[in-house]
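>>> Sharing a model that was predicted from the sequence below.
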Amino acid sequence: MANNNNWVVNDNYYTYIKLKHGSNLQHVLKELNAYTLRHALADMKAGNDYMTNSLQPLKDIHLYSLEFQDYLAYKQGNINYLYLLASIALVILALGCINYMNLTTAQAISRAREVGVRRVMGAGKASIRYQFMIETLVISFCALIISIGLAFLFLPLFNTLTGQSLSFFAMENRSLIVWLFLVTLITGLAAGLYPAFHLSAFKPVKVLKGKISDTSGMFSVRKVLIVSQFIISTCLIFATLVIWNQLHYMINAKTGFDPDQQLVLNLNSGESQKNSTLLVNQLLKNPNFKSVTLAAAPLVSGDLNLYPQGKTINDKQQVFFDFADENYLKTLGLELIAGSNIPPEAFTNTNMQEDMELHDFGKQVILNEEAAKLLGFNTYSAIGKYVSHLHNGVVYNYRVVGVVKNYHYFSLHAAIGPCAIMGVNPLRCSAIVAKIDGRHITAAVQYASENWKKLNPDTPFLYGFLNDIFQGDYEQDKHAQQMIGTFTFVAIFISCLGLLGLITYSTAQKAREIGIRKVVGASAANIVLLFSKQYFKLILVANLIAWPLAWYYMNNWLHTFPYRITISWWMFAVSLSSGVLVAFLTIAFKTIKAARANPVISLRTE
């Protein structure tokens, strides 16, 4: 890096600056860009490049770095997953509020006489409302105390589920109790406001005469709340199905290379790089090693500007590269569809301070189909053509000797782009990739470790497997999948609790009707269907509303992936049947018990 005299040669580095307190960020950014233009404009014009600066607060790097990510960046967090968690929490909270409103208004008749007596004694509507609001807030704060205890209990499980290491006692959580108080207060107000106004609206004369009933208007509001619950549950079920299938597709899609049983050894010191060729030769002597290659990285290590020989830098394409030896294609199982492999080359340079282009690159290159296409070559006519690379004012030419079938060197989050493979000085390599016998993985690792320690006694032996490295890009998706599945179950459970409460109250209110129906010959199945019918209609309405909403949002979500599944009819069918089945089991659980009760008891009580 110290030898670079060109401003646009290598931009694979991040610069950290500490600003004085109160600095104007826009002014600093303007000055930085002006400085860059003063010094780098000539190099940018010569290389048909453009450089600009951006500033990002240090504390924002982890969660807000998606737009800055590249193939060299460390894995970053994603603020979208926090939004996902917050959305799910709000949905579950909303379901709880709906349950409370439904059950409170359903029991309005049993509390109507209390309201009537208080109104006759001189209590105004406002005092009645305050009473019910206070009751709701007390319940809400009691729930807060219980939830804090449960959160402490389940935090380790949550950390496992999300791959985090959260703690209640972290310094950044010192304002947590304030937020919990505010959320609890808002939840109590939201859940209690409608029941308070509804219960305080009873006419005292009608109430005391026993003329109050569950009116059709009230029941319509309750229907809206029930439908809202099932809309939320149906959307979550649908989203779960789509996310699970999309992730399953990405994880199991063919990558274009062989990721299985690929042992990766990290050459993490000058000692190990110097002895890398000796180690490769030792590994090949063991029958558990089928093929071994030296590479700058397991799949991709950098990028270069390339353009067809005879054209100018204005026609350049940014092409991803991996630099490796002649065993790279065989080891990774890449499919050569035209031309030949890169030949073995001898490198004598030991000065690693020089630019790699000077002495450490091979003279032949293999392109993937996408690179050949973007450079204006036909897959088969590309063989024998030359591509040029401008570096530090010098043009280097490389002969195209082969074209490989496109393969996923990144996860399926990114579309396959132009990629190339070129020979390199072993001293520039940072990895050994070995295809090993899957039946003797332990023995192969042990053999590699023993030979490593003989050759590199001062360097720790670090290894991994290519499939684990590649699949690591899906870790956040797996966490999202698990979270969505878990919280969908929680949401459905909460919806069922609300439905169970309504059915329990409804069967208690209609005990006499059930008794009469039993006396005149109705079976338990007839009574279950009687109660189920009205709810099945609501579930159907909920699905008709939820389906287009769920399809719209999940279809937009799928379009963030270059490779994606299509939303199929069976996903709609499963979301509907799941809702119907869960609702039926919930309703049947209580109504069967009521239907099997002795009708004489309920009629005698009446």
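Okay, I see it.

>>> what about the residue nearest to the spatial centre of the chain, distance to Ile243?
The centroid of the chain falls nearest to Asp477 when counting by Cα atoms, centre = their mean (3.5 Å). To Ile243, Asp477 is 8 Å away according to Cβ to Cβ, to the nearest Å. In this view, the C-beta of every residue, glycine as well, is placed from N, C-alpha and C.

>>> For the stretch 151-300 of the chain, just list every one of the strands.
262-266, 289-295 (DSSP state E, counting those that start in this stretch).

>>> Okay, angle between the shortest one and strand 289-295 too, please.
Put plainly, it is strand 262-266. Interaxial angle of strand 262-266 relative to strand 289-295 (axes from the mean of the first three to the mean of the last three Cα atoms, to 10 degrees): 40 degrees.

>>> can you list contacts of strand 262-266?
279, 298, 331-332, 430-436, 441, 444-445, 448, 452, 461-467, 469 (Cβ atoms under 8 Å, 6 or more residues apart in numbering).

>>> Buried ones among the residues you listed?
With burial judged by 16 or more other Cβ atoms under 10 Å, the buried subset of the contacts of strand 262-266 is 279, 298, 331-332, 430-436, 444-445, 448, 452, 461, 465-466, 469.

>>> And the strands in the chain?
262-266, 289-295, 302-308, 317-324, 336-339, 361-368, 386-391, 394-404, 419-424, 431-436, 463-465 (DSSP state E).

>>> Within its sheet, name the partner strands of the longest one and how each one runs.
The one in question is strand 394-404. Applying DSSP bridges, strand 394-404 is found paired with strand 336-339 (antiparallel), strand 361-368 (parallel), strand 386-391 (antiparallel).

>>> Confidence-wise, which of those strands is weakest overall?
Lowest mean pLDDT of those: strand 386-391, a mean of 89.

>>> Buried residues in that one, which are they?
Under the neighbour-count criterion of 16+ other Cβ under 10 Å, strand 386-391 has 387-391 buried.

>>> Out of these, which comes closest to Thr52?
Leu390 (20.2 Å; Cβ to Cβ).

>>> if we can go back for a sec, with Ile98 as the reference, name the closest of the strands of the chain.
Nearest of the strands of the chain (Cβ to Cβ): strand 463-465, 47.9 Å.

>>> Tabulate the strands paired with strand 394-404 (JSON lines), appending distance to Ile592.
Formatted as JSON lines, the strands paired with strand 394-404 follow (distance: least, Cβ to Cβ, whole Å):
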{"stretch": "strand 336-339", "distance to Ile592": "65"}
{"stretch": "strand 361-368", "distance to Ile592": "64"}
{"stretch": "strand 386-391", "distance to Ile592": "76"}
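
>>> Select, out of those, the one closest to Tyr100.
Tyr100 sits nearest to strand 361-368 of all those, at 58.7 Å, using Cβ to Cβ.

>>> mind listing what's buried in that closest one?
361-362, 364-368.

>>> quick one, that strand and strand 302-308 angle?
Using the same axes, to 10 degrees: strand 361-368 against strand 302-308 is 80 degrees.

>>> ok, residues contacting strand 361-368?
Against strand 361-368 from outside (Cβ under 8 Å, 6+ apart): 319, 323, 329, 336, 339, 341-343, 345, 375, 377, 382, 387, 396, 398-407, 416, 418-425.

>>> what do you get for stretch 519-528?
Counting by Cβ under 8 Å, 6+ apart, 514, 517-518, 587-588, 591-592, 594-596, 599, 603 sit against stretch 519-528.

>>> Among these, find me the one that's closest to Ile313.
Checking those one by one against Ile313 (Cβ to Cβ), the nearest turns out to be Ile587, at 72.1 Å.
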